[in-house]
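Undergrad: what follows is a protein structure lacking sequence information:
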């Protein structure tokens with residue numbers, strides 16, 4: 001059997017679960033960008049179809065319209081990766097990665113989930129003809145400092 005036929009057979013096997021998921025989503029339609037029921041249905045459906053636990057879900061997003069998904073995945077002990085400089089999203093995601101390369105999100109997965117050291121991660125990329133040219137790891141503290149204002153004017157004697 002060719003790989004294509006094997007793939008098609010596997011896809012046909014997933015069809016009933018996909019149809020059930022579509023029906024679940026359409027049973028309780030949501031409008032706008034805040035879709036908590038749809039998010040839960042899709043995550044539950046994928047976990048069921050793929051037969052994985054809640055703590056095995058990895059979500060990558062930019063925080064533009066998917067903050068609720070990141071929060072949902074975090075509540076279920078999943079792993080979230082932000083691909084945005086927005087400071088609010090870095091407070092939600094477990095890791096933040098800033099890069100122009102689409103494969104960069106693999107670095108925190110290899111490092112935090114697989115437990116690989118940087119040398120091994122670099123070796124994997126290099127074995128596929130890709131060179132990690134720069135890799136700066138920083139911890140960012142976001143601060144706002146202002147002058148202290150007296151509690152009440154005229155309270156001094």
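TA: Right, received. Where do you want to start? Just so we're clear, the structure is a prediction, and the values are computed from it rather than from any experiment.
Undergrad: sketch out the helices for this structure, chain order is fine.
TA: 3-27, 36-50, 67-75, 87-90, 106-108, 118-127 (DSSP state H).
Undergrad: helices or strands up against the third one?
TA: Judged by 3 or more C-beta pairs under 8 Å, 6 or more residues apart in numbering; DSSP states H and E, the packing partners of helix 67-75 are helix 36-50, strand 58-61, strand 79-82, helix 87-90. Placement of C-beta: from N, CA and C, glycine included.
Undergrad: how about the first one?
TA: Taking 3+ C-beta pairs under 8 Å, 6+ apart as the contact definition, the neighbouring helices and strands of helix 3-27 are helix 36-50.
Undergrad: equivalent analysis for the fourth one, please.
TA: Using 3+ C-beta pairs under 8 Å, 6+ apart as the contact criterion, the neighbours of helix 87-90 among helices and strands are helix 67-75.
Undergrad: quick one: contacts of the helix it packs on?
TA: 34-36, 39-40, 43, 57, 59, 61, 63, 79-80, 82, 88-89, 92-94 (C-beta atoms under 8 Å, 6 or more residues apart in numbering).
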